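Trainee: The sequence and its predicted three-dimensional model are supplied below.
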Amino acid sequence: MIKEQISLRKVRPDDSDLVLQWRNHPETRKHSFQRDLVSAEEHRRWFSKKLKDPKTAIYIVQDAQGRPVGQVRIDRAPDHWGEVSISISHRAKGKGIGTEALKKTVSRCRQHSDLKGLVAHIMPDNTPSMLAFLKAGFVLKKIEQVRKNPCCRLESLCRKDPTTGARRPQLIKKEGVGYV
Ligand SMILES: CC(C)(COP(=O)(O)OP(=O)(O)OC[C@H]1O[C@@H](n2cnc3c(N)ncnc32)[C@H](O)[C@@H]1OP(=O)(O)O)[C@@H](O)C(=O)NCCC(=O)NCCS
């Protein structure tokens, strides 16, 4: 699989089962704040709410053949940062797809959103995730507690250049579901 050929598309209602499958994979749960298995019923309610929520954007990561290999979710926080979470299917891990999907997410955010930036909270022992976010241009800002877990806060600015304070070009366009 050529990682440059991956693409992001908006999530659809019929992606529900796949998203649950990725969410419940042991590797994903190990690095989640909520480690319990999610039941099909609980997921169905959560997923249909998220699809309608204008503060959430979910993208399916597709390979060159258009097959789904993962998902990226951005939840807009009240402080105008977008919290990113990502999971890549077990069979597609370790091939650069997570890094590439994050790069595409950042680029989309810079062009199509009015967010201040993207932020991720990563558990310090989640090496693949730390590497993927850093390689996609995120910067480690500090360690902060999330639900009593010490986490690395990584940021990628959308609206302002951190050195000059200049605003980045923004389209401030809201397309379909979500902001980003
Ligand atoms: C984190 C995740 C999205 C990374 O996706 P991925 O496609 O496997 O990542 P990449 O292939 O782009 O790898 C990123 C880096 O991590 C390294 N890496 C991958 N798996 C690794 C492992 N098991 N141990 C150590 N490093 C690893 C890769 O070598 C790469 O570094 P390199 O380019 O210097 O070689 C994926 O592992 C995942 O879905 N994890 C479970 C969910 C999760 O933890 N999400 C993050 C919290 S939001």
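Mentor: Happy to help now that I have it.
Trainee: and the gap between Lys10 and the ligand?
Mentor: 19 Å (C-beta to the nearest ligand atom, to the nearest Å). Quick note: C-beta positions are derived from backbone N, CA and C, even for glycine.
Trainee: cool, and Arg153?
Mentor: Counting by C-beta to the nearest ligand atom - Arg153 and the ligand are separated by 12 Å.
Trainee: The residue of the chain found nearest the ligand: what's it in contact with?
Mentor: For the chain, the residue closest to the ligand is Gly98, as judged by C-beta to the nearest ligand atom, at 2.2 Å. Listed by C-beta atoms under 8 Å, 6 or more residues apart in numbering, the contact set of Gly98 reads Gly70, Ile86, Ile88, Pro128, Ser129, Ala132.
Trainee: Now do the phi/psi pair for it.
Mentor: With angles defined as degrees, to the nearest 10, Gly98 shows backbone torsions of phi -60, psi -50.
Trainee: Read off the pLDDT value for it.
Mentor: Predicted confidence (pLDDT) for Gly98: 97.
Trainee: coming back round to it: would you mind checking the contacts of Gly98 for buried ones?
Mentor: Gly70, Ile86, Ile88, Ser129, Ala132 (16 or more other C-beta atoms under 10 Å).
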